[in-house]
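Engineer: Give me coordinates for this.
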Amino acid sequence: MIAERQPMTQAAPSETGPETAGKARRKPSRATLISLAVGLVAILAVLYAWRLPPFVSGLEQTENAYVRGEVTVIAPQVGGYVTEVLVRDFQMVEEGQPLFHIDDRIYRQRVEQARAALAAREAELSNSAQASAGRRAAEAARGAEVGAALAQLERARADLARIAPLATTGDLSQREHDAATAAARQAEAAVRQAEAGREAARQDVRAVTVSRDSLEAAVEGARAALRLAEIDLANTAVTAPRRGQLGQVGARQGQLVTAGTQLVSLVPPERWVIANFKERQTVRMQPGQPVRVTVDGLDDRRFTGTVRHISPAAGSEFALLPAQNATGNFTKVAQRIPIQIVLDPGQDGLDRLRPGMSVVARVDTVAAADPSGPEAR
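Structural biologist: Numbering: from 1, shown residues only. Model (predicted):
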């Protein structure tokens, strides 16, 4: 029994000997596999960072993007006490809808004052017209006097011409000749006096004409003052310049406000996206290319849109204090170019977009731009 079992115990090592040990040595260790995986990941990361195959893609993406809208600050053009607040926080309003009323008693009196001033100027203009007619009549009368004086002068000269030969021959006394000569000279003086009176009448007419022009200008000034007073009166009712939703109402009844005081903000329903892409990402961008947008605040809901405009300069150029790199150490920083994206109409959830929301924008730079352009749609 013992002899039969011994060969079996000797044969067992031969089955698990050198062949099995060789197979164990050829199996890669865990450390080797980890090293290979890390190296592969590093290579893939480099390829992705440099956008080399197989990671070449026409999609340019940025998280530096936000929903934008025309936030209009509503402010009065005149000052006074707020008498009525006709709206609530976040209320929807229509164009022309009254929002606030400002005490208008002072402005009504200014309108009445301007109307009275206009009436006074118009009365002065009417009086000037009557005066002008009188001056023209006086000028005509002076002209008639000149004509009469000329006729008298002509008669006196004719009498002198008849008397002079008779005085020479002695048929007429020298006394009568002197009287005729004096009459002729007196007629000449009368003509000069009449002409002077006519010239004075003409000057009066010119003066009245100049005064009338001045009064007409004064009337126009009074009318303009009345229109300004009426505009100020109308501006005591603050209305919505367009349709939209209000922000928080800052004005209260009885509050004293001045021209330009912010009362409330109005946000119209139009929305778009401003995405700030790095300058290298904009190489192939052009208006009309399709865009996909995901909104963080709407559980990453997706919207489609189109590139409308590409900014004419980097965002840093529009800063209040642009960077100056002419002196000191220089560190190159990738600049960002603002891209305006118009969202396609008719999509569900557009009404939930609010200016300032963060979004992720992806522009397909491989797709051909829409020839009709975003404006046509």
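
Engineer: going forward, measure contacts and count neighbours with C-alpha atoms only.
Structural biologist: Will do.

Engineer: Next up, the contacts around residue 296.
Structural biologist: Applying Cα atoms under 8 Å, 6 or more residues apart in numbering, we find residue 296 in contact with 357-360.

Engineer: does residue 79 really touch residue 257, like I thought?
Structural biologist: Yes. At 5.4 Å, residue 79 counts as touching residue 257 under the criterion of Cα atoms under 8 Å.

Engineer: ok, the closest residue to residue 338 other than its chain neighbours - how many residues close by?
Structural biologist: Spatial nearest neighbour of residue 338, excluding adjacent residues (Cα to Cα, 6 or more residues apart in numbering): residue 276 at 4.3 Å. Residue 276 is flanked by 24 other residues according to other Cα atoms under 10 Å.

Engineer: Is residue 276 within a helix or a strand, and which one?
Structural biologist: strand 272-278 (DSSP states H and E).

Engineer: now do residue 309
Structural biologist: Under the assignment here (DSSP H and E), residue 309 is part of strand 301-310.

Engineer: sorry, back to before: for ChimeraX, what selects the buried ones among the contacts of residue 296?
Structural biologist: Applying 16 or more other Cα atoms under 10 Å to those, the buried members can be selected in ChimeraX as follows:
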select :358,359,360
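
Engineer: which regions of the stretch 151-300 of the chain sit below the pLDDT cut-off?
Structural biologist: Scanning the stretch 151-300 of the chain with the threshold set as pLDDT under 70 gives 159, 166-173, 177, 205, 208-210.

Engineer: Do a quick rundown of the helices in it.
Structural biologist: Here the stretch 151-300 of the chain has its helices, by DSSP state H, counting those that start in this stretch, at 174-234.

Engineer: Show me the residue at the heart of this structure, geometrically.
Structural biologist: The C-alpha lying nearest the average C-alpha coordinate of the chain belongs to residue 72 (Cα atoms, centre = their mean; 12.0 Å).

Engineer: who's that one bridged to?
Structural biologist: residue 266 (DSSP bridges).

Engineer: okay, now the domains of this structure?
Structural biologist: In terms of domains, the chain is parsed into 59-69+270-323+330-376, 72-103+238-266, 105-234 (source: automatic domain parsing).

Engineer: how distant is the longest one from the center of its chain?
Structural biologist: Using Cα atoms, centre = their mean, to the nearest Å, we find the averaged C-alpha position of domain 105-234 to lie 55 Å away from the chain's own average C-alpha position.

Engineer: same question, the second one
Structural biologist: The chain centre lies 20 Å from the centre of domain 72-103+238-266; the measure is Cα atoms, centre = their mean.

Engineer: which SS class is residue 126?
Structural biologist: Using DSSP: H, G, I helix; E, B strand; the rest coil, the structure places residue 126 in helix.

Engineer: how many other residues sit next to it?
Structural biologist: Residues within reach of residue 126, counting by other Cα under 10 Å, total 15.

Engineer: for residue 207, same thing?
Structural biologist: Per other Cα under 10 Å, the neighbour tally for residue 207 reads 14.

Engineer: Against residue 136, how distant is it?
Structural biologist: Note on residue 207: its distance to residue 136, by Cα to Cα, to the nearest Å, is 11 Å.

Engineer: cool, and residue 72?
Structural biologist: Residue 72 is 61 Å from residue 136, where distance means Cα to Cα.

Engineer: Check residue 330 too.
Structural biologist: 85 Å.

Engineer: wait, what's in contact with residue 100?
Structural biologist: Neighbouring residues of residue 100 by Cα under 8 Å, 6+ apart: 82-87, 237-239.
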